[in-house]
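**Q** quick check, what structure comes out for this input:
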Amino acid sequence: MSSKLFSIVLFFTMAFSQLSQDARMLALNGAYTTVARGYQCVGVNPANLAYSNGFSMNLLTFNMGVGNNTFSLDVINNIDGADLENSNAEVYFPKEDLSYVFDDDGIIITTDMTLPLPILNFSFQNYAFTTSPKLYTKFGIPSGFVDLLFYGNEIGKDLSIDLPLDVMAVQETGFTYAFSKEDFTFGVTAKYILGYFYSTFESVDSSYFRTDSTAFTGQGSFLMKQAIGGNGFDMDVGMLSREFDNGIQFGASITNLVGSIKWTQDHFLRSAIDATIQESVPAEYFLRQNEFYYYHLEIDSMNAVNLSAKPINEMIFRQGYKVIKVSDLTPFNLTANDTLVVTIPNEGGYLIPSSEIATTTLDSLSSKPLRTNYPSIFRLGLSKRYEEGVIVMADLSTGFSDDVGGYDHWRMAFATEITHYPIITFRTGVAFGGAYGRSMSFGAGFKAGPVYIDLGMAYRNGFSVNSMKGFDFSITTSIR
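**A** Numbering: from 1, shown residues only. Alright, predicted model coming up:
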């Protein structure tokens, strides 16, 4: 495998990573449920705000990272220039070991950017106001293309060509209040979620590419969904114990408890930019709210003989048109056997052509408006403060789905913060599971009067430079 190929693959898998919301959280590898304070506890555990004395404000937070789910320096060094077939070669990598490198999803790149706005994220005593634009993306290379690259055309094997793609941009604005009751504090954040943009590309039915003994065959049916302008309301809830005499404190929270975003045609954001989009996008691909683009591809008996004797359109059939999803065909005088009607598997309804449907009636004809889930996370945390100026923390967390920006695997994080020195604080942490597997983090904090500067860095999917599949970096400047 040439080094040029791996350089190209690695370049295209570099992206902003799924980040913690500030540098201290990143340095502690997310073990933040009981120790976050001030405005920085919003989005983690709102109950902590009751222990936040005085005023805190974000001056500047910058988060960046690069990563992928497949390649590390160790993997690249093992495969680069290796012979996958000849065990006597000078550099040999067994082809069967590629199953440990690539999973069934192929190469997946997920990105997550959160940029808390300067000045507009602040807290005073047990109240806080926060607002942050967020960008979630998920894209990648289908496992079938990976198999084709390394294993070639295996006779009779179906290669998956499902194309993973999800993008969602939102702005999350919240108001937080926390209060104390006996040995515990409780907090709640009420959120308004402004949806900027959403797009996804999903398979309608099984999509595959196959090589048999005489020709290539395959098919794929895909649905592109797109929306501009949405609204949603959400809530975070949390609790935190007081710090007991032995220095132990525990807490729990659920963020984005009931969240979803409804995307509508009459949203003010859509109305403001709709004309501009319509002028810049070809009419065939301009999608209104609740309108999707359906694309169908079939490959039939494509081989060298047919390529020389038949026109290409007799072997490759492509068709694309705008559709809406409906649950009943009767009002449209259509049947499931009509040429342009697509039946969605598992009683999922039908897709019907929508080009002739007026915008004013589109919402009422569609089976339901487009809604997207907003990822929720449950956290359970424990910390212990020692008199020597050391805090140790442990957090257990999980998401409830793998929707864009979320994960559905348990994650365990352990961290230590050394606050013994008056000017500088040292932090480090390790984590297992979650969206990115094992991770190691480290960072430091500096204090100059009321101004705090925090730095954090973490390895993703690895404990060393050679084994990591990316890294995160964050810097936060705040007043506390």
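
**Q** how about the contacts made by the residue nearest to residue 214 when sequence neighbours are not counted?
**A** Once flanking residues are discounted, residue 214 sits nearest to residue 303: 6.3 Å by CB to CB, 6 or more residues apart in numbering. (Glycine included, C-beta is placed from N, CA and C.) If you count contacts by CB atoms under 8 Å, 6 or more residues apart in numbering, residue 303 has them with 214, 215, 216.

**Q** mind checking what secondary structure the first one has?
**A** Okay, so that is residue 214. coil (DSSP: H, G, I helix; E, B strand; the rest coil).

**Q** which SSE is residue 428 in?
**A** Counting by DSSP states H and E, the element that carries residue 428 is strand 424-433.

**Q** name the helices or strands packed onto the helix or strand just after that strand?
**A** The helix or strand immediately downstream of strand 424-433 is strand 439-448, counting by DSSP H and E. When contacts are defined as 3 or more CB pairs under 8 Å, 6 or more residues apart in numbering; DSSP states H and E, strand 439-448 packs onto helix 23-27, strand 424-433, strand 451-460.

**Q** for the nearest residue to residue 162 once chain neighbours are set aside, list each beta-bridge partner.
**A** Distances taken as CB to CB, 6+ apart place residue 203 nearest to residue 162, at 4.8 Å, with adjacent residues excluded. Taking DSSP bridges, one finds residue 222 as the beta-bridge partners of residue 203.

**Q** just to revisit the earlier point, will you turn the helices and strands packed on strand 439-448 into TSV that also has mean pLDDT, distance to residue 173 and mean neighbour count?
**A** Putting the helices and strands packed on strand 439-448 into TSV (pLDDT from 0 to 100; distance: least, CB to CB, whole Å; neighbours: other CB atoms under 10 Å) gives the following:
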stretch	mean pLDDT	distance to residue 173	mean neighbour count
helix 23-27	95	20	29
strand 424-433	96	29	19
strand 451-460	94	23	21
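
**Q** want to throw the ones you listed into JSON lines with distance to residue 220?
**A** Compiled in JSON lines, the helices and strands packed on strand 439-448 are given as follows (distance: least, CB to CB, whole Å):
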{"stretch": "helix 23-27", "distance to residue 220": "39"}
{"stretch": "strand 424-433", "distance to residue 220": "33"}
{"stretch": "strand 451-460", "distance to residue 220": "32"}
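
**Q** check contacts around the residue nearest to residue 162.
**A** If you count contacts by CB under 8 Å, 6+ apart, then residue 203 has 162, 163, 220, 221, 222, 223 around it.

**Q** sec struct for the residue lying closest to the second one once chain neighbours are set aside, please.
**A** Read that as residue 163. Of all residues not flanking residue 163 in the chain, residue 201 sits nearest, at 5.4 Å (CB to CB, 6+ apart). Per three-state DSSP, the local secondary structure of residue 201 is strand.

**Q** pLDDT check: weakest of the contacts of residue 203?
**A** Within the contacts of residue 203, pLDDT reaches its minimum at residue 163, with 79.

**Q** ok but it is inside a helix, no?
**A** No: Residue 163 is assigned coil when assessed by three-state DSSP, not a helix.

**Q** do you have the helices of the stretch 301-450 of the chain handy? List them.
**A** Secondary structure of the stretch 301-450 of the chain (DSSP state H, counting those that start in this stretch): helices at 304-309, 359-365.

**Q** quick one, which of the ones you listed is packed in tightest?
**A** Each of the helices of the stretch 301-450 of the chain was scored by mean neighbour count; the highest is helix 359-365, a mean of 12, by mean count of other CB atoms under 10 Å.

**Q** for the chain, what helix or strand is lowest in average pLDDT?
**A** Here the helix or strand of the chain ranked lowest by mean pLDDT, DSSP states H and E is helix 3-12, holding a mean of 40.

**Q** quick one on the thing from earlier: closest to residue 413 among the contacts of residue 303?
**A** residue 216 (47.7 Å; CB to CB).

**Q** isn't the closest one right up against residue 299?
**A** Yes: if you go by CB atoms under 8 Å, residue 216 and residue 299 touch, sitting 5.8 Å apart.

**Q** can you work out which residues contact both of those two?
**A** In contact with both residue 216 and residue 299: residue 209, using CB under 8 Å, 6+ apart.

**Q** top helix in this structure by residue count?
**A** Longest helix of the chain, by residue count under DSSP state H: helix 268-280.

**Q** may I see the buried residues of the helix or strand containing residue 236?
**A** Residue 236 is located in strand 216-241, with elements delineated by DSSP H and E. For strand 216-241, the neighbour count (16 or more other CB atoms under 10 Å) marks 216-230, 232, 234-241 as buried.

**Q** for residue 306, see how far away the nearest residue to residue 297 once chain neighbours are set aside is.
**A** Leaving aside its sequence neighbours, residue 297 sits nearest to residue 220 (CB to CB, 6+ apart; 4.7 Å). Using CB to CB, to the nearest Å, residue 220 is found at 20 Å from residue 306.

**Q** also residue 265?
**A** 46 Å.

**Q** cool, and residue 353?
**A** 31 Å.

**Q** and for residue 166?
**A** Taking CB to CB, one finds residue 166 at 37 Å from residue 306.

**Q** same deal with residue 57?
**A** Residue 57 sits 69 Å away from residue 306, going by CB to CB.

**Q** ok, residue 477 - contacts?
**A** So residue 477 contacts 58, 59, 60, 61, 451, 452, 453, 454 (CB under 8 Å, 6+ apart).

**Q** could you work out the most separated pair of the residues you listed?
**A** 61 and 451 (13.7 Å).

**Q** which residues are in contact with both of these two?
**A** Joint contacts of residue 61 and residue 451 (CB under 8 Å, 6+ apart) are 477, 478.

**Q** quickly list what residue 55 is bridged to.
**A** residue 124.

**Q** from residue 416, how far off is it?
**A** From residue 55 over to residue 416 (counting by CB to CB), the distance is 28 Å.
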